[in-house]
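1. Need coordinates for the following:
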Amino acid sequence: MGDHMNRLNKIIDEQMSTESVFNEKDEQYILRKIHEQKKRPVLRRRRSFVPALLTVALFAGLLLVSYTYLDEFFQPKQQAFQDKKDPEMKEVKDMKDNEKIADEREVKEEKSEEHTYDAYFTHPNGGVEINKEAGTLKIWGGFINLAEKESPQFAVKANILNPNLEGAIKELSFYFKDARYANTQHDEVFQFTQEVPLLKDVTKEDLENKVQLAFIVDDKVVKTHVIEEIHVIEKSETPVEESMKVEEIKKNLKLGMTQKEVITLFGEKYTAVEGAKGNENFWRFDIGADPGYAFSTENKLPDAIDDKGLLDGTVDTILFVEWNENLKVNSFSFYNLLEYGFKYTYRVFPDGTVKEDREDDGGIE
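-> Take a look at the predicted model:
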């Protein structure tokens, strides 16, 4: 309103006559100018929205910062108050979290166990022997436990995969008696063997790639191995070597005898072996052994004793003769299975000391 009055006063001052009398002409001219001014539009300044938006944004930012600060300030106190108010609930929660972690760890261990069975039965091996003279089939095998701990309880089963041999063997599948409920330690070598009678004639071709070893844990087959090594012992007209009596060995074998003298007593059928210490020189004699008898020391000590051979009668007496640097008898020992299955051991030491052992504990296990 003030602006409008100022414009009127300016028009009056500009158009007023210089004469001292305000005449009719002056009045008409002034009224015309006023009328023209009424028709001219009045320009108004537009208000800017930018300052308003900045103000709103600034206010919102202050609210957000204030809320965050207050939340961080009060939350620890509120949590501490809650923990103090209800410690039992916190203890139960921690217990459940620990149980959950333990369960997850146990599940992981069970899953990893499924993939480590193979390590318990590493490097499986085996052999088959068809003894036509004795009418028997012998199967043996072994493996090494390379796992980092003791194996679970396991069993080993032999499977004859040739159905045409039904009737030639009592059972085409059978468990090894010495590997029925067994365990092995880390790095332990485990061996097993089983001999069964043959009811009909069996050839090597009948069993080639047809004899399987199955390793079983919790009634589940976890590993298998097909035996490739097959031996055949044909019938021979050569009579079984007559066994030398124990008393004869004691009487005839003496310390200081030469190798030629020992060969005269026991023959040339000996095996040269090293002792467990590695610096001894031994000859091994398998006295009274069946034709084709052979004892493998694979994965065993070189001077190991074939307890199994003594027990089943495939060898009567096992004699070890140790030689000194002059190749004369330094010591000797022999092993025999006496009546009722008792194992007899006789040792003569370098100083002439004699030690006898009779295992009257039920025989060889």
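
2. Please name the strands paired to the helix or strand containing K355 in the sheet, noting orientation.
-> According to DSSP states H and E, K355 maps onto strand 354-359. Here the strand partners of strand 354-359, with direction, are listed using DSSP bridges: strand 343-348 (antiparallel).

3. Give me the neighbour count for K220.
-> Burial measure for K220: 8 neighbouring residues, criterion other Cβ atoms under 10 Å. From N, CA and C alone the C-beta is placed, and that goes for glycine too.

4. Please apply the same query to the one 10 residues further on.
-> Counted with other Cβ under 10 Å, the neighbours of I230 add up to 19.

5. can you pull out the strands in the stretch 101-250 of the chain?
-> Counting by DSSP state E, counting those that start in this stretch, the stretch 101-250 of the chain forms strands over residues 122-131, 136-144, 155-160, 173-175, 189-197, 211-217, 220-226, 230-233, given from the N-terminal end onward.

6. Nearest approach to R347 belongs to which of those?
-> Nearest to R347 among the strands of the stretch 101-250 of the chain is strand 189-197 (25.4 Å), distances taken as Cβ to Cβ.

7. Next, the buried residues of the closest one.
-> Of all the residues in strand 189-197, those buried under the rule 16 or more other Cβ atoms under 10 Å are F190, Q191, F192, T193, Q194.

8. Would you mind measuring from the first one to G288?
-> So the one you mean is F190. Noted for F190: a distance of 29 Å to G288, by Cβ to Cβ, to the nearest Å.

9. Next: the second one.
-> Computed as Cβ to Cβ, the Q191 to G288 distance reads 24 Å.

10. ok, now the third one?
-> From F192 across to G288, the span is 25 Å (Cβ to Cβ).

11. same question, Q259
-> Counting by Cβ to Cβ, the gap from Q259 to G288 is 22 Å.

12. Which residue of the two possesses the greater neighbour count?
-> Under the criterion of other Cβ under 10 Å, the comparison of Q259 against G288 puts G288 first, with 19 against 14.

13. Quickly note the distance from that one to G267.
-> Using Cβ to Cβ, one gets 12 Å for the distance from G288 to G267.

14. try F285
-> Counting by Cβ to Cβ, the gap between F285 and G267 amounts to 8 Å.

15. Can you check which residues contact both of those two?
-> Taking Cβ atoms under 8 Å, 6 or more residues apart in numbering as the criterion, F285 and G267 do not both touch any residue.

16. Those two: which is more packed in?
-> A count of neighbours by other Cβ under 10 Å puts F285 above the other of F285 and G267, at 24 against 11.

17. which residues does the more buried one form a beta bridge with?
-> Note on F285: beta-bridge partners Y270, L319, judged by DSSP bridges.
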